[in-house]
Each structure stands twice: as structure tokens, then as C-alpha cells.
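Novice: Need a 3D model of the following:
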Amino acid sequence: MEGTRTRRRPLGRPNRLSLTAISLLAAATLTACASGKATSGTASQAAAAPSAAATTGGSGGGKVSIFVIGGKSDDPFWSAVKRGGDDAAKVVEAGGGKVTWLGPQNYDNLGPDAAKLILSAKSQGATAIIGADWVPEAQNDAFKTASSGGVPVFLFNAGGPEQAKNVGALSYTGSEELLAGKAGGEFFAMNGAKNVLCVNTVPGAVNTEARCKGVAQGMSTGGTSTQLPLPSSSFGNPTAVTQAIKAALLKDSTIDGLITISTQDADSAAAAIDQAGAAGKVKLGTFDMSETQLQRIKAGKQLFCIDQQPYLQGYLAVSQAYAYNAFGLRVAQDSLLTGPAIVDAGNVDAAIAGVKAGVR
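Specialist: The predicted structure is shown next:
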């Protein structure tokens, strides 16, 4: 699907960077399968030098043990991330290593819980740690403990290149959330929306806050956007989210656009629009996507969704960690952008095919 160019609106050249990374990492992993053993090496001189203590990769004959700190196991978005990581893990396992996935039980205490998982990974002998930096003020000390202790750190999904630099990570793989939000805001404005509500069910998380902030920036030339922060316990509670959004719509009849931070919340928003009698008036958009969102777009009941290609986040992050652990290889970019891209009625069929394959 990434080859299609029909009405896609990628930012930051995500496809070009992703293909560059895949080409380089594929060469490394093929070498791993052919040789059956790891050799030490020196990190690419083209890549920025990490602030971590370890500046060269290579396992030195030791067993590669990569830990990934991601989202909840029953979160549909993270299942796509894990699918990509699992596919990359096959190469790690073929080389005698392993990949271990860790995730919080819920999102109620996300930052501190994630910090504990990072430290747990280090204590269990991780040779590389991959993690989303959702709440930097709660997680950065744990990331720094790992990187300064000689464990290579790779950020993905949340935190961006700025936090990657702060914690001594070797790279960031994912979407630039502020840019993604701005793209969504601009698309709303282009389609006539004047007052957009950004529904945030994980307030305080750096990525969701950046998304809503970006929407407001994108709307600034043609309208306004405000945030509706809900308790994090609302995440995964469709009834609570639906009722909160419905109440907001009934309170302010000028709202003509809704955007949510997840596909589950978009389902709740669609129900709220119907219950508030606002169908045909309130345009709906969401970050991330699922087949349900795409079918609504195809039916004309949802305006768009913003794809950050979660499969690539898992695949590229694990591949990078393995290439660095086993061979000291690094890609030349500090960040690999996997998105964002607007999916609307013009390119929805290609996206549906990707969802059915389990990679989008």
C-alpha cells in the first residue's frame, strides 16, 4: 500500500526514510541468517554520536536480549506494533537471541508504570531497550539509567527525536505527533470545519498532548480547536467516552468537528454524534486507524484518519536494535518517520487492504 500516491498527504518523507531503513536492516539481517553468529563492529560514523556510555555496538559473542516496552496487549493499535516487532523478532531468534515484550496493565499510571518496566528490563540483562517515552518527566530517569549504564536505548512511538537526545537513545522511530495533529487540523479547515474538539482520553501523555496541540495549530488559519481532556480511566470505556462527548456536543452547538486520539475513542465519538443528533453536521477524524474507521470513511460517515503505520514502528525498532547489538550497525538518521499520512475517501481502499493483512 505504501506505493500508492492517490491523495496521500505524507509529512517528513516517511516512505523514503522507511525504505532506506528497511534496505539497510534487511542486509544486516540476511547476513545474520547466513553466518549464524554475531560479530562486533563500530557504529556508523554518519549517525549522530549517542550520549550513552556505549558508543559502539556488537554483542561481543554475548546473547542478544532485546526488551520492548509498549502499550497494553489488548490495545488494537499496539497489536499492530507488536505484529511488526514479532516479524523482526524472527530474525533475532534465528541468530540465537530473543525479544521480550512488556506492557502496563492499564493506562491509569502510565509514566511511572512504564519507568518500572524500563528498570525491570535493565535488571533482567537487556542488551537493548526499546520504549515509548509517553511521559518524559516520569520515564526519562529510567531511560537514562539504562543508557548511561551501557544498555543501548531506542525510542519509538512517543517522545520524538528531542526526547531521544535527552535520554541518550540512539534513534527515534515513529510519527512526529505535532506534525500529525497539524495535518489533521489543516484537513479539517480545508473541509470547512470551524470549531474542532480534540478528545484526549490519556491527558498528560506527551504524544496525545502534542496531537491536540498540533490540531489547534493546523486550525489556526481557518478556525479554532480546543481539547476535551477526560480521565485516563475513560480510555477503553466506550460508554464513558460516548457520554462525555455527547454532553460536550449538546453544550456547544457550534462544534462542527471531532478528532480522537485512538480508534476506540473514534467509535465512541461516532456513537455520540448520532445520539446528539449531529450526524451530517459534525465531521469526525481520528489518529490511527482500524477497519471500522475505514469502512465509515468509505460510507461517507467519517472524514479521515491519520495513519502512523504502527507495524513499521515495531518492525524497524526491533530491527535497528538487533542490527546494533549484533553488528554495531546504525542507520544514518536520528529519526525514522513512519507517518503521518491522511487517509480519506480518495485512498481508503488501499488502506483497507493493509488492515485485512494485519499490518495497518
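Novice: Who are the contact partners of the spatially most central residue of the chain?
Specialist: Among the residues of the chain, the one closest to the centroid is Asn157, at 3.2 Å (CA atoms, centre = their mean). Asn157 sits next to 70, 81, 132, 173-174, 207, 310, 313 when contact means CB atoms under 8 Å, 6 or more residues apart in numbering. (C-beta placed from N, C-alpha, C; glycine too.)
Novice: Which residues are in contact with the residue nearest to it when sequence neighbours are not counted?
Specialist: Among residues not flanking Asn157 along the chain, Ala132 sits closest, at 4.1 Å (CB to CB, 6 or more residues apart in numbering). Contacts for Ala132 were tallied using CB under 8 Å, 6+ apart; they are 69-71, 114, 155-159, 207.
Novice: Quick one: buried ones out of these?
Specialist: Judged by neighbour count, with 16 or more other CB atoms under 10 Å as the criterion, the buried members of the contacts of Ala132 are 69-71, 114, 155-159, 207.
Novice: Could you list which of those residues belong to strands?
Specialist: Judged by DSSP state E, the buried ones among the contacts of Ala132 include 69, 155-156 as members of strands.
Novice: Those residues into CSV, with extra columns for distance to Gln264 and pLDDT?
Specialist: Shown next, in CSV, are those (distance: CB to CB, whole Å; pLDDT from 0 to 100):
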residue, distance to Gln264, pLDDT
Ile69, 21, 97
Leu155, 24, 97
Phe156, 21, 96
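Novice: Looking at these, which is nearest Ser335?
Specialist: Comparing those against Ser335 with CB to CB picks out Leu155 as the nearest, at 8.9 Å.
Novice: Hmm, the closest one is touching Tyr172, no?
Specialist: Yes. Counting by CB atoms under 8 Å, Leu155 touches Tyr172, with 4.6 Å between them.
Novice: where do the contact lists of these two overlap?
Specialist: 163-164.
Novice: residues contacting Pro112?
Specialist: Counting by CB under 8 Å, 6+ apart, Pro112 makes contact with Ala138.
Novice: chain center to the host helix or strand of it: distance?
Specialist: In this structure, Pro112 sits in helix 110-123 according to DSSP states H and E. Relative to the chain's own centre, helix 110-123 is displaced by 19 Å; criterion: CA atoms, centre = their mean, to the nearest Å.
Novice: for the record, mean pLDDT for it?
Specialist: Averaging pLDDT along helix 110-123 yields 96.
Novice: Next, the buried residues of that helix.
Specialist: By neighbour count on 16+ other CB under 10 Å, the buried set for helix 110-123 is 110-111, 113-119, 121-122.
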